[in-house]
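>>> model the structure of this input:
(chains A and B)
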Amino acid sequence: MDAIIRSRAAYVCRSCTRSLQRQSRRSYSSAPAQPDIYDVVCVGGGPAGLSLLTALRANPVTSHLRMALVEAQDLAKIRSWKLPPDRFSNRCSSLTPSSALFLDQIGAWSHLERDRVQAYQEMQVWDGVTGARIEFDWTPGSAPAAGTTIAYMNENLNLTSGLLSRLGELGGVSMFDNAKVERISHGEETEEMDLREWPVVHLSGGKQLSARLLVGADGANSPVRSFAGIEARGWDYNRHGVVATVELEGEGWGGDHAKIAYQRFLPTGPVAMLPLPGNYSTLVWSTTPSNASLLKSLSPKDFIAMVNAAFRLGPTDLEYMHTQGSGQAEEYSWRLEHTPFDYRAVPQTVMGVQEGTVASFPLKLRHADTYIAERVALIGDAAHTIHPLAGQGLNQGQGDVQSLAKTIEYAVSHGQDIGVTMSLEPYVSERYAANHLLLGVCDKLHKLYSVGSGPLVPLRSMGLSAVNALGPLKTFFMNQAAGNGTKVF
Amino acid sequence: MQPSLRHLPRALRTARQGPRAAAAAAQASLRQQPAPSRKLSTTSPAASSSVNETEISHFSALASSWWDPHGPSRPLHLMNPLRHDFIQSCLSSPPPSPSTTTTTTTTNPRYLDVGCGGGIFAESAARLATTHSVTAIDPSATILSVARAHARRDPSLTKNKLVYLNETIESLPLPLPDQDEQPGGFDIVSLFEVLEHVDYPSAFLERVGQFVRPGGWLVLSTIARTWTSWVTTNVVAEDILGVVPPGTHDWYKYINAGELREWFERKNDGGGGREGGRVWGVPRVMGVVFVPGLGWKEVRGSEKVGNYFLGVQRVA
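Residues are numbered from 1 along each chain as shown, chains lettered A, B, ... in the order given. Below you'll find the model as predicted:
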């Protein structure tokens, strides 16, 4: 889900971008046309870009680098982001323990509002067609020493706001927010220097930034990637992810200390209920674009009925209810009486949906041909966009950041120019195959479970049942999800 | 420069004579003045230059591709980080005798890079935050123009940090004592992949050593003259893999780490130090192996087989 959130964010604040452009024109009008020279210019102030700058500033080897951030949104708004304890943003991501550890190492974890972060210790995944089930919980002795947490659910704004707070504490990064990238060109040759291979970022208002290394953290439609001439290949799933913040009847079957994430594979796509603090959960429902627009059009009462149905009723029931313009609530209560299910094996009943949190975004798979070019590196969604079913999008971005920061540190400590491909090669070789594998696995899972009938259906439920029966294999999968297993992904 | 395949019959001849003959010849050249059979005339500016004209023209021809990361100099680019690691290991090694005060290493070293080529090492040394300055010399004006042009691409490489001079070690003026009348010279004098291209290594090293300030380090990398290195550098690297341009190496010029150790030890025998003591410390040696696809890796003991680094501190 996080994948899309970033790229959408770039389009959100049109009006405030406009008003602030006026402001920036004023403040930059006296600036000379001569570009400012930076070691790192990062375009995009989402989780990936902010984490990279924080990691570089927090490391004494790289902290002296001259760095700039370019972001279209108003960073002051994100910095001062605050919601009451009973309201949650609908854009949440799952953070693996290794992502959390990295954020802690760069000093950012403590800047998050920790009482808004929810750890979960168990996953329930099942096939909506056959009912085959896999329960991911730590059998005694199989839990890693680090703890029993599989992942943390966290609002993306809590992360970006925490990162901005940490960056503010570190200081030393030039922030250009409310700034639109008008174009990116190459530098010029002068008497003293030859910057013909250096990217120059032209901001609205006339400011120009020359970059030894230009980092594209600018989302799925990355202008930096286009500038570098790197193709991103993939396909659209013809599915939308419907998100919402919902309130359940209680804090979960396991109570506050044994939170459970649920995911059911329906022929239209997986539907997931991921725990937030207290009685709250975040919904991510991948479905057809027409189903998504129906869900968004429903009254809160009917929307709640559809979400409850998605975890309890059969695919045929659901298909029928998607044809109704309204009245799903009545339909659901009638059909529920005739559907046997184990109520403790599904999320607690949804009682409410928070106003204004129902939204959707298109799902796609994209992978850039490479992550580097001369004086360019791509991270996060600019490099890859993944199906949200494994909740790995943001974590992949954090993996990129960790690797790129390490690559830059090595280059700096060995006197290499951090912008040249020779210095950046280790980043690609470390990340490309790993990301490609995970993109592929999630893609295959999506396709496998999109089939409603036929020979694949009994096979896949056999697969889930077999995994469930085999303790060690299950532990392996859980370690993968938690990011502390063998580094296959 | 002659194409490397011309070495083949020569090598086979050596094989009949046995490798000892070749080794003895090379050792002889290191010990005294060069053996007459290896003498190649030079028309370089300085009469007593160590520089071999064919070597210059060979490397000048490679100038345009020097900075191409996928070009013929790729193995050098890949080796460069190891040079810094090796220098760091030298600088952080314990001093030979605690009583010598002149061996204190500076925190902001001045570098002299001899035979800098396109500037792969010189640029990287100048970029390090701790570096005071880098003086880089090379006899080839063609290659220096490449080095200068490339350095202009990085605004951090100011003239205070990095200076290229078209000089040989013989034409470069010897360092003068500093303001405090302490012996002058550089903290680090580097000779990376140079020694195997020099005709008179003994005279050359003698001269280079005079640019190292007491307490400073002479750091070099080169290739041992072994059967393995003949096969890997001349046949495999140049002819089969093509990762090194043909004609880059003349195996007869290779010098073994043991021969260099002996050479520095002999310099101490004469009591050339200021108080009649040692001039050089005990050399440190690190063998490295190029693994295609992985790059250079340190392999203990491999200095006896192929490429190696050698660092030696000037104690007085």
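
>>> contacting residues for A:T357?
A:88-90, A:243-245 (Cβ atoms under 8 Å, 6 or more residues apart in numbering or on different chains). To be clear about C-beta, it is placed using only N, CA and C from the backbone, and glycine gets the same treatment.

>>> for it, phi and psi?
Dihedral pair for A:T357: phi -100, psi -10, per degrees, to the nearest 10.

>>> state the pLDDT value of it.
A:T357 carries a pLDDT value of 96.

>>> any idea how far chain B is from it?
When distance is defined by Cβ to the nearest Cβ, to the nearest Å, A:T357 is 49 Å away from chain B.

>>> residues from chain B in reach of chain A?
B:69, B:77, B:80-81, B:84-85, B:123-129, B:131, B:149, B:152-155 (Cβ under 8 Å from any Cβ of the partner chain).

>>> wait, a strand at A:L209?
Yes. Judged by DSSP: H, G, I helix; E, B strand; the rest coil, A:L209 forms part of a strand.

>>> checking the closest residue to it other than its chain neighbours next. Helix, strand or coil?
Distances taken as Cβ to Cβ, 6 or more residues apart in numbering or on different chains put A:V201 closest to A:L209, at 4.5 Å, once the chain neighbours are dropped. Following three-state DSSP, A:V201 is assigned to strand.

>>> name the residues of the stretch 301-450 of chain A found near chain B, please.
So the stretch 301-450 of chain A meets chain B at A:410, A:413-417, A:420-422 (Cβ under 8 Å from any Cβ).

>>> how about the residues you listed, which pair is most distant?
A:S413 and A:T421 (18.6 Å; Cβ to Cβ).

>>> show me where pLDDT drops low in the stretch 151-300 of chain B?
B:226-244, B:247, B:251-252, B:270-276 (pLDDT under 70).

>>> quick one: the strands in it?
B:162-165, B:186-192, B:212-223, B:284-291, B:295-298 (DSSP state E, counting those that start in this stretch).

>>> quick one: buried residues of the one helix or strand A:E330 maps to?
Element membership of A:E330 [criterion: DSSP states H and E] is helix A:328-337. Buried residues in helix A:328-337, defined by neighbour count with 16 or more other Cβ atoms under 10 Å in any protein chain shown: A:328-329, A:331-332, A:335-336.

>>> in this structure A:P275 contacts A:W253, no?
No. With contacts counted by Cβ atoms under 8 Å, A:P275 stays clear of A:W253, the gap being 10.6 Å.

>>> the two - which one has more neighbours?
A:P275 (26 against 16; other Cβ atoms under 10 Å in any protein chain shown).

>>> how about the nearest residue to that one, chain neighbours excluded?
A:K259 (4.1 Å).

>>> does the one you found really touch A:Q118, like I thought?
Yes. Counting by Cβ under 8 Å, A:Q118 is a contact partner of A:K259 at 6.2 Å.

>>> which residues do these two both contact?
Joint contacts of A:K259 and A:Q118 (Cβ under 8 Å, 6+ apart) are A:P275.

>>> tell me the SS of the residue nearest to A:Y237 when sequence neighbours are not counted?
Once flanking residues are discounted, A:Y237 sits nearest to A:L363: 4.4 Å by Cβ to Cβ, 6+ apart. Of the three states, A:L363 takes strand according to three-state DSSP.

>>> good, we can wrap up now.
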